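Novice: 3D, please:
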Amino acid sequence: MIFEFLNFAIICLTVFFVTLIFSFYRSTKYKIFDNRNFSKKLYQNLYIGNSEAIAIKTLIRYLGILSLVIAISGIKTGVTVKPVERKGVDIVFCVDVSLSMDSEDIKPSRIDKVKFELSKIIDNLEGDRIGVVVFSGSNFLYLPLTMDYDASKLFIKSIDTSMISSRGTDIPNAIKTSVEAFDDEDDQQKMIFLFTDGEDHSDILIDDISYLINEKIDLHVIGVGSSKGSLIPIKDKQNSFLKNESGELVLSKLNLNFLRKISTFSNGKLLRISKSEPISNNIVDIIKKGEDSLISSFEFSDYEHKFQYPLAVAIFLLMISYFISTGKRKKWNFWF
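Specialist: This next block holds a predicted model:
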């Protein structure tokens, strides 16, 4: 809507300035139209008193210009609504970017492994829309739903644990943001894939999560990390690791039991990224099953162009204004 308005405004300004320049050129180069070159009867019919003629001629000319602008802007009518089938799934990847995701118990690191798996998943998608939410202590929609897979891979490549300054792992609000990323009016199959190590969740209650997921959205949880855990390296500081307030090194472990509780509140699965086997194939299989179980439809509008009607009116009005005499003027003026 905004684009169409700007397009219309640009066309109006263009026509205005072109008309202004043309008017100035004609007023300085050409003499007033010689009525003797036309039939006397036509001249008598169109001749009006000078002041009235100026007003009428100006009005008609402006109406003609307005009709021309409307024609150029591309007026469309006759909206037709057609059902069109689209086979695919709407997917939101909800990615934990808290500091614990820098742990290297999964090589090269938890967050890098997630990014690698996401890229492999995207390479095997077709007809599905994907979006990305990143979170730690806060969250935001990093990539809205799109079918532009190349752009999506560029966005995923830029995911980093420094994206959000607030510490923690606020899973409930991250899931809420993921749910809000979907189109409520779209009946498409919807899936959320939550990638997290489940760390730093002391204030999270399962009840805070259960109400966010309705029966139309599958929540699949992917655990990232090992049960043994590892220290959290500090970026830009070689051989330095994160410490708690007591000065003790922080050991980050995968909290698989907590993630299992989350997955029970939805029609989803609990998966785990391991050191050896890739998990992308398992996730692609889940997505493909969603595609096979649903063929949904959406509607689009087909318009019929009607520019020829205001164009015809514009030509008629401009011709009429050309023939209207404004009296004894020695210079031809476009506006009068």
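Novice: Now the nearest residue to residue 225 once chain neighbours are set aside. Its backbone dihedrals?
Specialist: Leaving aside its sequence neighbours, residue 225 sits nearest to residue 254 (CB to CB, 6 or more residues apart in numbering; 3.6 Å). Bear in mind the C-beta positions are built from the backbone N, C-alpha and C, glycine included. Backbone torsions of residue 254, given as degrees, to the nearest 10, read phi -70, psi 120.
Novice: shouldn't residue 254 be in contact with residue 198?
Specialist: Yes: counting by CB atoms under 8 Å, residue 254 does reach residue 198; the two are 6.5 Å apart.
Novice: any shared contact partners between the two?
Specialist: Counting by CB atoms under 8 Å, 6 or more residues apart in numbering, the residues touching both residue 254 and residue 198 are residue 223.
Novice: Tell me who's in contact with the residue nearest to residue 225.
Specialist: 197-198, 223-227, 229, 272.
Novice: I'd like the distance between it and residue 241.
Specialist: Distance of residue 254 to residue 241, computed by CB to CB, to the nearest Å: 18 Å.
Novice: Confirm that residue 156 sits in a helix.
Specialist: Yes: under DSSP: H, G, I helix; E, B strand; the rest coil, residue 156 falls within a helix.
Novice: Next, the closest residue to it other than its chain neighbours: secondary structure please.
Specialist: Distances taken as CB to CB, 6+ apart place residue 118 nearest to residue 156, at 5.0 Å, with adjacent residues excluded. Secondary structure, three-state DSSP: residue 118 is helix.
Novice: Residue 236 too?
Specialist: What three-state DSSP gives for residue 236 is coil.
Novice: pLDDT score assigned to it?
Specialist: Per-residue confidence (pLDDT) for residue 236: 73.
Novice: Now it. Its backbone dihedrals?
Specialist: According to degrees, to the nearest 10, residue 236 has phi 70, psi 10.
Novice: could you measure it against residue 102, distance?
Specialist: Counting by CB to CB, the gap from residue 236 to residue 102 is 12 Å.
Novice: about what we covered before: roughly how far apart are the residue nearest to residue 156 and residue 255?
Specialist: 22 Å.
Novice: Looking at the two, which is more packed in?
Specialist: Neighbours of residue 118 and residue 255, each counted by other CB atoms under 10 Å, are more numerous for residue 118; the result is 24 against 20.
Novice: List the residue ranges of the protein that fall below the pLDDT cut-off.
Specialist: Applying pLDDT under 70 to the chain picks out residues 1-53, 73-86, 200-215, 267, 292-307, 321-336.
Novice: what are the ranges of the strands in the stretch 51-200 of the chain?
Specialist: Ranges of strands in the stretch 51-200 of the chain, per DSSP state E, counting those that start in this stretch, are 76-86, 89-96, 129-135, 139-146, 189-196.
Novice: could these be laid out in a markdown table, adding mean neighbour count and distance to residue 314?
Specialist: A markdown table is the format used below for the strands of the stretch 51-200 of the chain (neighbours: other CB atoms under 10 Å; distance: least, CB to CB, whole Å):
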| stretch | mean neighbour count | distance to residue 314 |
| --- | --- | --- |
| strand 76-86 | 10 | 17 |
| strand 89-96 | 26 | 46 |
| strand 129-135 | 24 | 43 |
| strand 139-146 | 17 | 41 |
| strand 189-196 | 26 | 49 |
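Novice: For the ones you listed, could you give me TSV that also reports distance to residue 318?
Specialist: Shown next, in TSV, are the strands of the stretch 51-200 of the chain (distance: least, CB to CB, whole Å):
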stretch	distance to residue 318
strand 76-86	24
strand 89-96	51
strand 129-135	49
strand 139-146	46
strand 189-196	55
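Novice: Select, out of these, the one closest to residue 219.
Specialist: strand 189-196 (4.9 Å; CB to CB).
Novice: partners of the closest one, with directions?
Specialist: Strand 189-196 pairs in its sheet with strand 89-96 (parallel), strand 217-224 (parallel), by DSSP bridges.
Novice: Which parts of the helix or strand hosting residue 319 count as buried, going by neighbours?
Specialist: Element membership of residue 319, judged by DSSP states H and E, is helix 308-323. Neighbour counts over helix 308-323 (16 or more other CB atoms under 10 Å) mark 310-311, 313-314, 317-318, 320-321 as buried.
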